[in-house]
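Trainee: Predicted model and sequence below, questions to follow.
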Amino acid sequence: MKTEEPAEGILKQNNWGESKWYYVTCDCSDPDCAHTVEVEADDHSVTVFVYTKSTTQFWSKNRWRQIWQILTKGHAEMETTVILKEQQALNYAATLTKAVNDVKKFKNARKTDEN
């Protein structure tokens, strides 16, 4: 399989040169399973941030157990899953690679322009 452009399951949200944002959908099409990815270059490195909104069906978990977790640990533990088909996984990897290279080029071009 080859990577696609536009890529299946990957939506470019914004491009600020040194920062690119993507919205990655889950194969189940539930927006609660999707996540946002930011690829950012600063003066020292390139960093990838993955933002995921974890939710739980409160009626499926004992509320007293959740309250106890919050009181003793300071947070409630939840898990989320993102399912990617093979094509989407290839597109995801290619998008990350391209975004990392793009923000590095932009950062280096800005350094050259400043000097």
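Mentor: Perfect, I can see it now.
Trainee: can we go C-alpha only for contacts and neighbour counts from here?
Mentor: Noted.
Trainee: Could you look up the SS state of the spatially most central residue of the chain?
Mentor: In the chain, the centroid-proximal residue (C-alpha atoms, centre = their mean) is Val37; its distance is 2.6 Å. Under DSSP: H, G, I helix; E, B strand; the rest coil, the three-state class of Val37 is strand.
Trainee: ok, Ser45 to Pro31 distance?
Mentor: To Pro31, Ser45 is 31 Å away according to C-alpha to C-alpha, to the nearest Å.
Trainee: same question, Thr80
Mentor: 12 Å.
Trainee: What's the local residue count around Val100?
Mentor: If you count neighbours by other C-alpha atoms under 10 Å, Val100 ends up with 21.
Trainee: Could you list which residues are in contact with the nearest residue to Gly9 once chain neighbours are set aside?
Mentor: Closest residue in space to Gly9, ignoring its immediate chain neighbours: Thr25 at 5.3 Å, by C-alpha to C-alpha, 6 or more residues apart in numbering. The contact partners of Thr25, by C-alpha atoms under 8 Å, 6 or more residues apart in numbering, come to 9-10, 31, 33-35, 82.
Trainee: And Val82, by the same measure?
Mentor: Val82 neighbours (C-alpha under 8 Å, 6+ apart): 25-27, 33-35.
Trainee: Among the residues you listed, pick out the one closest to Ala94, please.
Mentor: Nearest to Ala94, judged by C-alpha to C-alpha, of the contacts of Val82 is Thr25 at 15.6 Å.
Trainee: Tell me the gap between stretch 15-35 and the middle of its chain.
Mentor: Distance of stretch 15-35 from the chain centroid (C-alpha atoms, centre = their mean, to the nearest Å) equals 6 Å.
Trainee: okay, how far is it across that stretch, tip to tip?
Mentor: Length of stretch 15-35, first residue to last, C-alpha to C-alpha: 17 Å.
Trainee: And the lowest mean pLDDT element among the helices and strands of this structure?
Mentor: helix 63-73 (a mean of 84; mean pLDDT, DSSP states H and E).
Trainee: That helix: what's the following helix or strand?
Mentor: Next helix or strand after helix 63-73 toward the C-terminus (DSSP states H and E): helix 86-114.
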